[in-house]
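Asks: Sequence first, then the predicted structure, then my questions.
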Amino acid sequence: AQSVTQLDSHVSVSEGTPVLLRCNYSSSYSPSLFWYVQHPNKGLQLLLKYTSAATLVKGINGFEAEFKKSETSFHLTKPSAHMSDAAEYFCVVSALMNSGYSTLTFGKGTMLLVSP
Amino acid sequence: EAGVAQSPRYKIIEKRQSVAFWCNPISGHATLYWYQQILGQGPKLLIQFQNNGVVDDSQLPKDRFSAERLKGVDSTLKIQPAKLEDSAVYLCASSWDRGYTFGSGTRLTVV
């Protein structure tokens, strides 16, 4: 079985300050991990993914995430928030299931609010 | 390459009516997924196909939902009869070798 816990339902930051969105995962097998962003009334956009290569993963728009196996975490960070970063962010795990195939399991999401 | 195509984009129906959604995945992607995203929640897997076979439908409400993927390409998801709680965005995704692509979704409103 696999699961994802996003530790904060809402995160509020000021423009220009760092962003930290927290994610913990559980997986029976070596997982792949993803962060997706969803702007209001828009589709899901892939920010970055970890697939067992480098543990520090760089994504689009200045975001990065670090895979920490010992802590089962995959937190998303950005050094300086921009107003356009305001959106909902989903941490996602993909691992081999009992069916023999991989599937994606989503967290409940973290809404990032950015104030001027 | 073309993305995952879904139609319609929006649908409003009355409860107890039926509705169908269509998905055309990326060419060559063997795996196809249908997810349900209720407002304010993360997407939940309804059903997963590998080619034209079902590999996971454990969270599909089979008394009212059905899905098929004839010939291992396009897929349809049907709800009959619809309930108010089925109001959600229905997302289709396809994948190949850990690369996943999502469609824009169909927003269903049941009134």
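Replies: The structure has been received and is ready for your questions.
Asks: and the worst-scoring helix or strand of chain B on mean pLDDT, what other elements does it pack with?
Replies: Each helix and strand of chain B was given a mean pLDDT (mean pLDDT, DSSP states H and E); the minimum falls on strand B:99-102 at a mean of 88. In this structure, strand B:99-102 makes packing contacts with strand B:88-96, judged by 3 or more Cβ pairs under 8 Å, 6 or more residues apart in numbering or on different chains; DSSP states H and E. Every residue, glycine included, has its C-beta placed from N, CA and C.
Asks: Can you list the strands that the least confident helix or strand of chain B pairs with?
Replies: Within its sheet, strand B:99-102 is paired with strand B:88-96 (antiparallel), according to DSSP bridges.
Asks: Contacts for the partner strand, please.
Replies: Strand B:88-96 is touched from outside by A:43-44, A:102, A:104, B:4, B:6, B:21, B:23, B:25-26, B:28-39, B:43, B:46, B:75, B:77, B:100-103, B:105-108, with contacts defined as Cβ atoms under 8 Å, 6 or more residues apart in numbering or on different chains.
Asks: buried subset of these?
Replies: Among the contacts of strand B:88-96, those buried by neighbour count (16 or more other Cβ atoms under 10 Å in any protein chain shown) are A:43-44, A:102, A:104, B:4, B:6, B:21, B:23, B:25-26, B:29, B:31-37, B:43, B:46, B:75, B:77, B:100-103, B:105-108.
Asks: got the residues of chain A near chain B?
Replies: For chain A, the residues in contact with chain B (Cβ under 8 Å from any Cβ of the partner chain) are A:32, A:34, A:43-44, A:46, A:49, A:51, A:90, A:94, A:97, A:99-109.
Asks: So which of these sit within strands?
Replies: Judged by DSSP state E, the subset of these located in strands is A:32, A:34, A:44, A:46, A:49, A:90, A:94, A:102-106.
Asks: Just give me the closest of those to A:Tyr25.
Replies: Nearest to A:Tyr25 out of those is A:Thr105 (Cβ to Cβ; 8.7 Å).
Asks: Could you check how many residues crowd around that closest one?
Replies: 22 (other Cβ atoms under 10 Å in any protein chain shown).
Asks: Isn't it up against A:Phe90?
Replies: No. A:Thr105 is not in contact with A:Phe90 according to Cβ atoms under 8 Å; the separation is 10.3 Å.
Asks: secondary structure class for A:Ser84?
Replies: helix (DSSP: H, G, I helix; E, B strand; the rest coil).
Asks: separation between A:Gln45 and A:Lys108?
Replies: 18 Å (Cβ to Cβ, to the nearest Å).
Asks: Show me what the helix or strand bottoming out on mean pLDDT in chain A is packed up against.
Replies: Across the helices and strands of chain A, mean confidence by mean pLDDT, DSSP H and E is lowest for strand A:102-106: a mean of 89. Judged by 3+ Cβ pairs under 8 Å, 6+ apart, strand A:102-106 is in contact with strand A:2-6, strand A:87-96, strand B:31-37, strand B:44-50.
Asks: downstream neighbour of that strand in the secondary structure list?
Replies: strand A:110-115 (DSSP states H and E).
Asks: Pull the distance from that following strand to the chain's centre.
Replies: Here strand A:110-115 is found 14 Å from its chain centre; the criterion is Cα atoms, centre = their mean, to the nearest Å.
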